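Engineer: One predicted model, sequence on top.
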Amino acid sequence: MCGITGIYSNKIITNLEKRIVSMNDSIIHRGPDAGDFFIDNKLAFGHRRLSIIDTSVHANQPMHSKSNVWHMVFNGEIYNFKEIKEELSYSFLTSSDSEVIIAAVEEKGFDWFIDKANGMFAIALYNSLSKELYLVRDRLGIKPLYYYRDKDKIVFSSEIKAILSSGLVAAKFNELAVDEYLGNRYVRAPYTFFENIYQLEAGAYLKIDYSMDLIQQKYWEIPQNFNTDQSFNEEELKQEFEKELIKSIKYRLISDVPLGTYLSGGVDSSLITAITAKSKKEPINTYTIGFPELNEFEYSKIIAEQYGTIHHEIMMTKKDYVDNWERLIGFKDAPLGVPNEIPLAVMSKKLKEKITVVLSGEGADELMGGYGRIFRAPFDYKNEDTNLTFYEYLINDYEYVSREMRDNFLTTSIEYRKEFDKKIVKDFYNKSNEENVFRFFHKFHVKGLLQRVDMTTMQTSVEARVPFLDHKLIEFVYTKIPYNLKLKWKSKKEEIKAMKIKSSEYSETSDTPKYLLREVAYNHIPKSIVDRKKVGFPVPLTKWFNNLEEMAKELLTNVFWLKEGTLNNLLEKSKKEPRAGQVLWMFINIEIFRKQYFFKDWEW
């Protein structure tokens, strides 16, 4: 796991070496083990290395093919690199996955490699003969890749701060992102909070030639098939699913440095911990964090004791939370999306004392329908008398700060809202509502979680791996696992009863979200853990509302993106929201972030 940087221009750029070194230095936290750069005329590649596989200096980057035609910087892991290696006749100098990438591209071609690769990655490849630059991002967008482009140059990196640190790009606040963030908790690709700085979309690559012409190509999409079979062999499917899940987890245990797991005490992290512990000869380190007012220590302890893990409980206070807030915005280059980013980051700092790789449970809910309330929206919609389209109905339930509230308080444009509404409505056309919810969560929601997990771990030089987002596992579940084995009614009687009430009342009482995943989990963890209701990652923000109110009065008075004279109304309205603390917390985040990035001159 690493950080990558780069500049490519068709004109001479002054101080090119100084600029790429500055970019590298700004993301040293992503790779403290080694750092270097490569310059070829008007191209510069930079790399910061966090050594995971083949920790020798020979595997350092930038890396070059034996012909010296291909040059590469790479962030991530290719889990099936050994299988790919077997198909190549290349004479290897290292045992790293990095060299397999450049060997495969040289010997078999870029498209061949991308089709074969299973992993999380952001890669830059440059062909010094054709003068073509490729930027590619993994299928689910687990690893970040940002870029700025104008008619003369492209500047790219794993983090936006490195693009700004090149001295070639001004930081301009993107007002359009305010409405987008408050609705979704993050800004959807390709946009960011910075004008003219973009995210490369998941499952896509850019090809840039010497004239700076750019072609974007999607190489992977969520599977077109969505299984709704009514007739199936549950036991057979359960065994197949377990086999695929174990394969995905075991891939993510490939490492030449110590690894462990997050262990919240929920079913997803507990199952990953159980399978990991069974697969390793030595005891693994496990980690959980909580607050005196709110924690799940008793549940994580059950799994830790069952599997004899070296378990670490981290207690966090309100002071710890506030002290880390602004610092972490400086790592994320964006407002924080969810309150638990701060405890996750604090936990990552603690686990770095013992391990460098951690397995995490992101993606399980999106894969198997774990957010029962929202994944039952198609059922509720069918049984409710409403004039709304299904998309409007879903968005009313899904978005964090309601559209009505945003329209009442913001001065900023809703251009992105309109753009994504149009795009998603088109995507929803001619598909079942049940399928649409799953696609929506994989295409959009999970991306916010991935931004969270990347920042919270990499800011302290830790690599997080997410086995539930293995693209082969996702393809298997979409095509092979019927909808009724993801969310399953407990009986026909319960289903009929649920027709008259909302999912917020019946979910996990009348039905079982993630049904087949839970059935697999019974083979590995106690029933008391499997049958627990979903809790999420609790942070007691509503209990701290008075502190947030003071911060809001200090930071949000007379900000240009809020309508004049509406702050008191915003505070009162926030108090009445079910997630009162989090709503106000998000508004505060925007201004803390804005003051960090847009009140100084980055260009030089």
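Structural biologist: Here it is on my side, so go on.
Engineer: Can I get stretch 582-594 in PDB, CA atoms only?
Structural biologist: C-alpha atoms of stretch 582-594 as PDB (Å, rounded to 0.1, in the frame of the first residue of the first chain):
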ATOM      1  CA  GLN A 582     -24.900  14.400  13.100                       C
ATOM      2  CA  VAL A 583     -26.900  16.900  11.000                       C
ATOM      3  CA  LEU A 584     -25.300  19.900  12.800                       C
ATOM      4  CA  TRP A 585     -21.900  18.100  12.800                       C
ATOM      5  CA  MET A 586     -22.000  17.900   9.000                       C
ATOM      6  CA  PHE A 587     -22.700  21.700   8.600                       C
ATOM      7  CA  ILE A 588     -19.800  22.400  11.000                       C
ATOM      8  CA  ASN A 589     -17.500  20.100   9.000                       C
ATOM      9  CA  ILE A 590     -17.900  22.100   5.800                       C
ATOM     10  CA  GLU A 591     -16.600  25.300   7.400                       C
ATOM     11  CA  ILE A 592     -13.700  23.700   9.300                       C
ATOM     12  CA  PHE A 593     -12.600  22.100   5.900                       C
ATOM     13  CA  ARG A 594     -13.100  25.400   4.000                       C
END
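Engineer: got the contact list for residue 26?
Structural biologist: Taking C-beta atoms under 8 Å, 6 or more residues apart in numbering, we find residue 26 in contact with 159, 161-162, 164-165. All C-beta atoms are positioned from the backbone trio N, CA, C, and that covers glycine.
Engineer: Find the nearest non-adjacent residue to it, please.
Structural biologist: Leaving aside its sequence neighbours, residue 26 sits nearest to residue 165 (C-beta to C-beta, 6 or more residues apart in numbering; 4.0 Å).
Engineer: separation between the one you found and residue 487?
Structural biologist: 46 Å (C-beta to C-beta, to the nearest Å).
Engineer: Below-threshold pLDDT in this structure: ranges please.
Structural biologist: 1, 535-540, 542, 545, 578, 580 (pLDDT under 70).
Engineer: Please identify the residue most distant from the middle of it.
Structural biologist: residue 493 (38.6 Å; C-alpha atoms, centre = their mean).
Engineer: Go through the one helix or strand that one maps to and flag the buried ones.
Structural biologist: Secondary structure assignment for residue 493, by DSSP states H and E: helix 492-498. Neighbour counts using 16 or more other C-beta atoms under 10 Å place residue 498 of helix 492-498 among the buried residues.
Engineer: Which strands or helices does it pack on?
Structural biologist: Counting by 3 or more C-beta pairs under 8 Å, 6 or more residues apart in numbering; DSSP states H and E, the packing neighbours recorded for helix 492-498 are helix 503-506, strand 511-513.
Engineer: which one of these lies closest to residue 204?
Structural biologist: Nearest to residue 204 among these is strand 511-513 (30.8 Å), distances taken as C-beta to C-beta.
Engineer: List the neighbouring strands of that closest one plus their orientation.
Structural biologist: strand 487-489 (antiparallel) (DSSP bridges).
Engineer: chain center to the strand it pairs with: distance?
Structural biologist: Offset of strand 487-489 from its chain centre (C-alpha atoms, centre = their mean, to the nearest Å): 27 Å.
Engineer: Please enumerate the helices of the stretch 1-150 of the chain.
Structural biologist: Here the stretch 1-150 of the chain has its helices, by DSSP state H, counting those that start in this stretch, at 16-26, 81-86, 97-108, 110-116.
Engineer: which other residues reach the longest one?
Structural biologist: Contacts made with helix 97-108 from outside it, assessed by C-beta under 8 Å, 6+ apart, are listed as 53, 59, 61, 63-67, 69-70, 72, 74, 77-78, 81, 84-85, 87-90, 92-93, 112-113, 116-117, 119, 123, 125.
Engineer: Look up how far residue 461 lies from the closest residue to residue 255 other than its chain neighbours.
Structural biologist: Nearest residue to residue 255, sequence neighbours excluded (C-beta to C-beta, 6+ apart): residue 357, at 5.0 Å. In this view, residue 357 and residue 461 are 11 Å apart by C-beta to C-beta.
Engineer: When these two are compared, which one has more neighbours?
Structural biologist: Neighbour totals were compared for residue 357 and residue 461, and residue 357 leads with 24 against 19 (other C-beta atoms under 10 Å).
Engineer: how close does that one get to residue 77?
Structural biologist: From residue 357 to residue 77 the distance is 9 Å (C-beta to C-beta).
Engineer: what is in contact with these two at once?
Structural biologist: 52, 463, 465.
Engineer: Please name whichever of the helices of the stretch 1-150 of the chain is nearest to residue 402.
Structural biologist: Closest among those, using C-beta to C-beta: helix 16-26, at 36.9 Å.
Engineer: ok, the residue nearest to the spatial centre of the chain - contacts?
Structural biologist: In the chain, the C-alpha nearest the mean C-alpha coordinate belongs to residue 450, at 0.7 Å (C-alpha atoms, centre = their mean). Residue 450 is in contact with 140-142, 362, 466, 469, counting by C-beta under 8 Å, 6+ apart.
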